[in-house]
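Asks: Provided below for reference: sequence and predicted model.
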Number of protein chains: 2
Amino acid sequence: MKLASLKNGSRDGRLVVVSRDLTRYTDASFLVPTLQAALDNWARLAPHLEAMAESLETGAVPSVRFHEHDAHSPLPRAYQWADGSAYVNHVELVRRARGAKMPESFWTEPLMYQGGSDAFLPPRDAIVMADEAWGIDLEAEVAVIVDDVPMGATVDEARSAIRLVMLVNDVSLRGLIPAELEKGFGFFQSKPSSAFSPVAVTPDELGDAWDGGRVRLPLSVELNGKPFGRADAGVDMTFDFPQLIAHAAKTRPLGAGAIIGSGTVSNKLDGGPGRPIAAGGVGYSCIAEQRMVEAIEAGAAKTPFLRFGDTVRIEMKDRSGHSIFGAIEQTVRRAGEQEGQ
Amino acid sequence: MKLASLKNGSRDGRLVVVSRDLTRYTDASFLVPTLQAALDNWARLAPHLEAMAESLETGAVPSVRFHEHDAHSPLPRAYQWADGSAYVNHVELVRRARGAKMPESFWTEPLMYQGGSDAFLPPRDAIVMADEAWGIDLEAEVAVIVDDVPMGATVDEARSAIRLVMLVNDVSLRGLIPAELEKGFGFFQSKPSSAFSPVAVTPDELGDAWDGGRVRLPLSVELNGKPFGRADAGVDMTFDFPQLIAHAAKTRPLGAGAIIGSGTVSNKLDGGPGRPIAAGGVGYSCIAEQRMVEAIEAGAAKTPFLRFGDTVRIEMKDRSGHSIFGAIEQTVRRAGEQEGQ
């Protein structure tokens, strides 16, 4: 089943069921108004939503053309957004670029940051920032939405709580990160609003590309229409989603609708540190990583961070080439300027 | 006006208006079911809630006895919980105890961490933890709930967005903090669920104890029935709430219902480092601070962190001795054990 929250002027959007091929939707809001409300009572409501999804496929319910740009993030706001760094290669590269050694424990204990979740961006809306010098970067990731997870849940309990899968652009302000991390309390201003894919899907929609903990498909990232990343989300994911969820729930429960992210997808390939797509590699899921590789190999980064007017597109296709989640496509704009300026 | 969310088996509780003296309440859920729903549409709904509060005071509406232990946290879950460290004295003491110098910038740039907000504790429920060795500590704080705050809001815009004030116990796991902060991404497991006071109040309820940015009253903390802290929340608050809110909104908007915390209330008094109440001081709003002062003065901390069975009580009284927000009163319990064991 595929679900979306259409923009309707409300804070949480209107829940719809979207067809497998993303071309049509049927209204679900008469059953349950919002995705959060569905997650609050998933065991009771999911079977009805699944039935609607089946009826939509067979044309047994009224349906309307689905436009990805009408969708908000599946949860336009959420109660929890915890983002792991499951692709440890990414972390190791960042540290290596600045000459720091990564602690060995990073291979056995997940790294995770507490994100802000009160104001996500819609997947086709602009990334509005006041200053290019903040070092605006994308981070292409996979995320799951979970049901209630009790404190101290095991990895297996965590696995059974996964309800939906989606993509994320975890926008990062590289220029603000060093000073903020130096203060010792983690990210705040350096992690502004994230955007999620137009559609969230149940794991069964991924078929055998879902191994119970990872999505074994390449994550496509384009920068200004050119291929930038094709890293496989199933490769080099040191901690899978159940492990990340159990980590998040060690000292607290997670509420239904909590979002757990994978961190920037990153493939080490043959020993690393990775190559651009143009050079035969799988490229990168954030600009910082490409800059790190440049710094390691050529002594200095040359790829700039995002500039006003730049466009990022993040998408994942199944093995027959069909978009699973729809695309996140965002243009960076200067605060105070209208779209089209 | 004073508002509470009564436990009713739902995730968000039932909105009620509470009398100024905290003895009675009248149902508000026929108008708007939850506090978050009220905050989502505050401009339209607040006047109606204010009218109900006035009617409650004059006995013009039906009312029922209010019991603080029936209340959930005003927002049992929220979309944003950002906690500042506005009492820089607290931060300086922590650093000094471990021999580290605090950067000068901490006096001019607020320190803030992104908290988790999907599963707050009710104010009279136990703090359930698996292990005493995690170093369970309280942190008594003041917090505000804001309306929508646009990205880049000024301090004055931030000030005008403050809707409600409440107290917090920002439970902290001191034993997990060093390893977690060393990883560089801030708190996660070391900041489990927080609890908020039974009642949230509009700033006007504070009279001249509200100066537009700070609550100028002592915050009472008791540990196992004995006075532990009486630090004044209006003293040594280096950054007031409007400054903290503007800091939080620098690179993102804040959604209606976002909670911004003050950080542990801490008074420097005559040059510091502070004295226990028994020694004529104002005591502390967390155990860690008392331990730091012990370490500074006697070479070693002697006050233990919270143990299973310990009870913490946090309250604030007005100048005539009446509780403003009701009391947070929580006993620490071992996970898996039932209350009363």
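Replies: Great, that's in hand. On a predicted model such as this, the values are computed, not experimentally measured, just so you know.
Asks: skipping adjacent residues, who's closest to whichever residue of chain A sits closest to chain B in space?
Replies: In chain A, the residue that lies nearest chain B is A:Gly186 (1.8 Å; Cβ to the nearest Cβ). In short, each C-beta sits where N, CA and C put it, glycine included. Among residues not flanking A:Gly186 along the chain, B:Gly186 sits closest, at 1.8 Å (Cβ to Cβ, 6 or more residues apart in numbering or on different chains).
Asks: next one: A:Leu167
Replies: A:Leu167 sits nearest to A:Ser197 (Cβ to Cβ, 6+ apart), 3.9 Å away.
Asks: and the pLDDT for the residue of chain A most remote from its centre?
Replies: In chain A, the residue that sits farthest from the middle, by Cα atoms, centre = their mean, is A:Ala60; the gap is 32.4 Å. Note on A:Ala60: pLDDT of 97.
Asks: cool, the one 4 residues further on as well?
Replies: According to the model's per-residue confidence, A:Val64 sits at a pLDDT of 97.
Asks: bridging residues for the residue nearest the centre of chain A?
Replies: Nearest to the geometric centre of chain A sits A:Val168, at 1.9 Å (Cα atoms, centre = their mean). On the basis of DSSP bridges, A:Val168 is bridged to A:Glu141, A:Phe196.
Asks: ok, now which ones touch it?
Replies: Contact partners of A:Val168, counting by Cβ atoms under 8 Å, 6 or more residues apart in numbering or on different chains, are A:83, A:139-143, A:194-197, A:261, A:328.
Asks: how about the residues of the stretch 1-150 of chain A near chain B?
Replies: Residues of the stretch 1-150 of chain A lying close to chain B by Cβ under 8 Å from any Cβ of the partner chain are A:11, A:40, A:77-80, A:82, A:85, A:103, A:106, A:111-119, A:128-130, A:134.
Asks: I'd assumed A:Glu289 was in contact with A:Ala301.
Replies: No. If you go by Cβ atoms under 8 Å, A:Ala301 and A:Glu289 don't touch, sitting 10.5 Å apart.
Asks: pLDDT value on the nearest residue to A:Trp134 once chain neighbours are set aside, please?
Replies: The shortest distance from A:Trp134 to any residue other than its chain neighbours is 4.2 Å, reached at A:Leu173 (Cβ to Cβ, 6+ apart). Looking at A:Leu173, its pLDDT reads 97.
Asks: list the contacts of A:Leu173.
Replies: By Cβ under 8 Å, 6+ apart, the contact list for A:Leu173 reads A:129, A:134-137, A:189-192, B:251.
Asks: distance of it relative to B:His247?
Replies: Distance of A:Leu173 to B:His247, given as Cβ to Cβ, to the nearest Å: 14 Å.
Asks: now, which of the contacts of A:Val168 sits nearest B:Val91?
Replies: A:Asp83 (25.6 Å; Cβ to Cβ).
Asks: where does that closest one land in three-state SS?
Replies: strand (DSSP: H, G, I helix; E, B strand; the rest coil).
Asks: can you give me the neighbour number for the residue nearest to it when sequence neighbours are not counted?
Replies: Distance criterion Cβ to Cβ, 6+ apart; nearest residue to A:Asp83, sequence neighbours excluded, is A:Gly261 at 3.7 Å. By the measure other Cβ atoms under 10 Å in any protein chain shown, the count of residues near A:Gly261 is 27.
Asks: isn't A:Gly261 right up against A:Ala78?
Replies: No. Taking contacts as Cβ under 8 Å, A:Gly261 lies outside contact range of A:Ala78: 11.3 Å.
Asks: point out where the stretch 1-150 of chain A drops to low pLDDT.
Replies: Scanning the stretch 1-150 of chain A for pLDDT under 70 picks out no residues.
Asks: now the strands for it?
Replies: In the stretch 1-150 of chain A, the strands defined using DSSP state E, counting those that start in this stretch lie at A:2-6, A:14-18, A:24-27, A:64-65, A:71-72, A:81-84, A:112-114, A:127-129, A:136-137, A:140-146.
Asks: in CSV, list those strands along with distance to B:Gly225 and mean neighbour count.
Replies: Shown next, in CSV, are the strands of the stretch 1-150 of chain A (distance: least, Cβ to Cβ, whole Å; neighbours: other Cβ atoms under 10 Å in any protein chain shown):
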stretch, distance to B:Gly225, mean neighbour count
strand A:2-6, 49, 26
strand A:14-18, 49, 25
strand A:24-27, 57, 19
strand A:64-65, 63, 10
strand A:71-72, 50, 26
strand A:81-84, 37, 27
strand A:112-114, 34, 25
strand A:127-129, 52, 23
strand A:136-137, 52, 24
strand A:140-146, 40, 26
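Asks: now distance to A:Leu219 too, for those strands, in CSV please.
Replies: Formatted as CSV, these follow (distance: least, Cβ to Cβ, whole Å):
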stretch, distance to A:Leu219
strand A:2-6, 18
strand A:14-18, 20
strand A:24-27, 24
strand A:64-65, 27
strand A:71-72, 19
strand A:81-84, 15
strand A:112-114, 20
strand A:127-129, 18
strand A:136-137, 16
strand A:140-146, 5
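Asks: how about those strands, which one is nearest B:Ser73?
Replies: Evaluated with Cβ to Cβ, those place strand A:112-114 nearest to B:Ser73, the distance being 18.2 Å.
Asks: partner strands of that closest one and their direction?
Replies: strand A:81-84 (antiparallel).
Asks: starting at the chain centroid, how far to the strand it pairs with?
Replies: When distances are taken as Cα atoms, centre = their mean, to the nearest Å, strand A:81-84 is centred 10 Å away from the chain's centroid.
Asks: could you do stretch A:278-293 as well?
Replies: That offset, for stretch A:278-293, works out to 18 Å (Cα atoms, centre = their mean).
Asks: do stretch A:10-21 as well
Replies: 18 Å.
Asks: ends of that stretch, what's the gap?
Replies: Using Cα to Cα, to the nearest Å, one end of stretch A:10-21 lies 27 Å from the other.
Asks: and the contacts of that stretch?
Replies: A:1-8, A:24-29, A:31-38, A:49, A:52-53, A:56-57, A:63, A:66, A:71-72, A:75-77, A:199, A:205, A:322, B:40, B:255-256.
Asks: out of these, which are buried?
Replies: Buried members of those, scored by 16 or more other Cβ atoms under 10 Å in any protein chain shown, are A:1-6, A:24-28, A:32-38, A:49, A:52-53, A:56, A:63, A:66, A:71-72, A:75-77, A:199, A:205, B:40, B:255-256.
Asks: thinking again about what came up before, tally of neighbours for the residue nearest to A:Gly186?
Replies: B:Gly186 has 24 nearby residues by other Cβ under 10 Å.
Asks: now swap in the one 4 residues further on and tell me
Replies: By the criterion of other Cβ under 10 Å, B:Ser190 has 22 neighbours.
Asks: ok, now which ones touch A:Ser193?
Replies: Taking Cβ under 8 Å, 6+ apart, one finds A:116, A:119-121, A:171, B:252-253 in contact with A:Ser193.
Asks: now for the residues you listed, which pair is the farthest apart?
Replies: Longest span within these, Cβ to Cβ: A:Val171 and B:Pro253, 13.4 Å.
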